[in-house]
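Trainee: Model the structure of this input:
(2 chains)
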Amino acid sequence: MLPAHLESLPTPAAVAAWDASALTGGSHERGELVLWTVREKLVDLCRFLKEQRQFTRLVAVTCIDRYPSEPRFEVVYLLHSIPNNERLRLKVAVHSSDASVPSVCGVWTGANWYEREVFDMFGVRFEGHPDLRRILMPDYWQGHPLRKDFPVHGHKYSYKDE
Amino acid sequence: MNPTDTVLDSRLQEMAPESPGSPRRMVLNMGPQHPSTHGVLRVILELDGEIVTKAQPDIGFLHTGIEKQAEALGWQQVVTITDRMDYLANLSNNLAYALPVEKLLGIEIPPKAQWMRVLLAELSRINSHVVWLGTHALDLGAMTVFFYCFREREDLLRLFEMFSGQRMMTSYIRIGGLALEPPRGWDKAVRRFIRELPAKVDEYEALLKENPIFLRRTQGVAHLPLERLLDLGVTGPMIRAAGLGWDIRKAEPYSSYDKFDFQVPVRQESDVYARFLVRLEEIRQSARIVEQALDGMPEGPWKADAPHVVLPDREKMKTQMEALIYHFKIVTEGMRVPAGEAYVPVESPRGEIGFYVVSDGGAQPWRVFMRTPSFGNLQALPEMFEGRLIADTIAALGSMDFVLGDVDR
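Mentor: Next comes the predicted model:
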């Protein structure tokens, strides 16, 4: 459902008119628009935003780890529309027990490396990704470094094991 | 066997399966120590004779975990590590980090600091572009330009040293303003450099535009249409050379860029030569901006009036109890940033750089995501390589102007 304070903004209103159940929340603070969606609607919503609202640029895909609270991960899509000069942050909350979201590589080709990076750093899987491998860490690396329970100096140098 | 060896082998086999190929077919490792990759980038090329049939970039050799480190440092300390990721445009990086944090803090930066930031960001654009031009020309066999460009770079590094005491890792832009007051006589030194620059740019242009080898190796090479580039996430001079006049400095002005008069150079060809022309023109436009900044530099303080963020003056600290308390709090606990998140895009020499900053209200960032232009731009590499001669890969790589520290972070 679209929050009342976002009704006057064109993009949330257009999304709500297209499919009211696609939005689960949102905010508009400091001039930045954030919309929350669910996994099931993500790819269709992205396609709608690209084709109908001219969000031709996927700026980046990233993730926030809210450890220890659940749902633990927020997968964040930074979108930009050049003709409308508009920016939008799309978010999906993911539980740690089933950390996966559908891939949006079919909508923007450029999502490929960003999704690989999120997989590498947070361990969130992207279903339907054409080549989901680690990108920055070596293939034999264990763990996902940007998770909050991964120590800054790495497991390798942990004092606990000794 | 070292675990790395197995990985490398498996990747190579993936590229060259056991099926019988033509005798002309081979798999070639370009990098990670190839001079024209300008950093540790490995590209696995599958060749048919001299034609590249498949290219697969392998990155991460320079990965330093900057985003992880940022979560373990104080807010102000993170400025120093942003310098390290793109060492050719560190002032743009500093600025890109300071802006979203200042947005969360809700503090207002005085005009002098804003104009100084513009001036420094443009000097760092000139610095980045001259290094790019010199090395790109060198890759294509033109050596003189390289020496000329590094002569200009030396002047620029002297200017940076004058401001910050550092040649490369300046960290001069801080949350809340600048690190130090600009030194006495700095404007004369900058003015001298800027006055002489346009003639030097003309010289580079003449050296390359009248060089038949350079023209043959760049015109019509590594073409990609604008729609493809946008779809792949490419930003900066590469899309401006493909016909789209989109520049964040104009579209979403930050740090008083809206008060400056400059043009956004655009070309239609979207080849290596067009990218060369766009960057060359950008150097000239940056020089114009620096000149305007010098002429109209406002008077006043160079840091914000925000005692909970910016350290008080030394004199105040010695005489005022309040100032002493703030100083003690900032130094021992670090500054606190209200909970929330912000993203502010900035036009770096390579394209859109933006720090997506998330705070939980503490003295350390909860998350700092660095959207770097080189990472987005490098995704276009396979499409630029495939179907072209192996000699053209060098020109294509150069035209992308990536910095591997910016890709791997």
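
Trainee: Setting the sequence-adjacent residues aside, check what's closest to the closest residue to chain A within chain B.
Mentor: Here the residue of chain B nearest chain A is residue B:233; by Cβ to the nearest Cβ that distance is 3.0 Å. No exception for glycine: its C-beta is placed from N, CA and C like everyone else's. Nearest-residue entry for residue B:233: residue A:110, 3.0 Å, with adjacent residues in sequence omitted and distances by Cβ to Cβ, 6 or more residues apart in numbering or on different chains.

Trainee: wouldn't the one you found be in contact with residue B:228 here?
Mentor: No. Applying Cβ atoms under 8 Å, one finds residue A:110 not in contact with residue B:228, separated by 10.1 Å.

Trainee: So which of the two has more stuff around it?
Mentor: For the pair residue A:110 and residue B:228, the greater number of neighbours falls to residue A:110 (24 against 16), based on other Cβ atoms under 10 Å in any protein chain shown.

Trainee: How many residues are close by the closest residue to residue A:86 other than its chain neighbours?
Mentor: Nearest non-adjacent residue to residue A:86, counting by Cβ to Cβ, 6+ apart: residue A:11, 6.7 Å away. By other Cβ under 10 Å, the residues close to residue A:11 number 21.

Trainee: now the host helix or strand of residue A:11: how far from the chain's centre is it?
Mentor: According to DSSP states H and E, residue A:11 maps onto helix A:10-18. When C-alpha coordinates are averaged (Cα atoms, centre = their mean, to the nearest Å), helix A:10-18 and its chain have centres 20 Å apart.

Trainee: What of stretch B:274-294?
Mentor: From the chain centre to the centre of stretch B:274-294 is a distance of 15 Å (Cα atoms, centre = their mean).

Trainee: tell me the average confidence for that stretch?
Mentor: Per-region confidence: stretch B:274-294 scores 93 on mean pLDDT.

Trainee: With stretch B:370-377 instead?
Mentor: Average pLDDT, stretch B:370-377: 91.

Trainee: who's in contact with it?
Mentor: Residues outside stretch B:370-377 that contact it (Cβ atoms under 8 Å, 6 or more residues apart in numbering or on different chains) are A:59-60, A:62, A:78, A:110, A:113, B:66-67, B:82, B:85-86, B:232-236, B:238, B:343, B:345, B:348, B:350-356, B:400-404, B:406-407, B:409.

Trainee: so what's residue B:347 up against?
Mentor: B:92, B:236, B:247-249, B:353.

Trainee: beta partners of it?
Mentor: residue B:352 (DSSP bridges).

Trainee: now swap in the one 10 residues further on and tell me
Mentor: In this structure, residue B:357 has beta-bridge partners residue B:342, residue B:368, where bridges are defined by DSSP bridges.

Trainee: one step back: elements contacting the helix holding residue A:11?
Mentor: If you count contacts as 3 or more Cβ pairs under 8 Å, 6 or more residues apart in numbering or on different chains; DSSP states H and E, helix A:10-18 packs onto strand A:32-37, helix A:39-52.

Trainee: So which of those is nearest chain B?
Mentor: Ranking those by proximity to chain B (Cβ to the nearest Cβ) places strand A:32-37 first, at 6.6 Å.

Trainee: which sections of chain A are below the confidence cut-off?
Mentor: For chain A, the stretches with pLDDT under 70 are A:1, A:154-162.

Trainee: wait, what's in contact with whichever residue of it sits closest to chain B?
Mentor: At 3.0 Å from chain B, residue A:110 is the closest residue in chain A, using Cβ to the nearest Cβ. Residues near residue A:110 by Cβ under 8 Å, 6+ apart: A:58, B:231-234, B:376, B:379.

Trainee: what number of residues lie near the residue of chain B closest to chain A?
Mentor: Residues within reach of residue B:233, counting by other Cβ under 10 Å, total 28.

Trainee: do the same with the one 5 residues further on
Mentor: Under the neighbour criterion other Cβ under 10 Å, residue B:238 is assigned a count of 29.

Trainee: Can you confirm whether whichever strand or helix holds it lies near chain A?
Mentor: Using DSSP H and E, residue B:238 sits in helix B:237-240. No. Helix B:237-240 stays clear of chain A (Cβ under 8 Å from any Cβ of the partner chain), getting no nearer than 9.4 Å.

Trainee: what's the answer for stretch B:401-409, then?
Mentor: Yes. Applying Cβ under 8 Å from any Cβ, one finds stretch B:401-409 in contact with chain A at B:408-409.

Trainee: Understood, closing this out.
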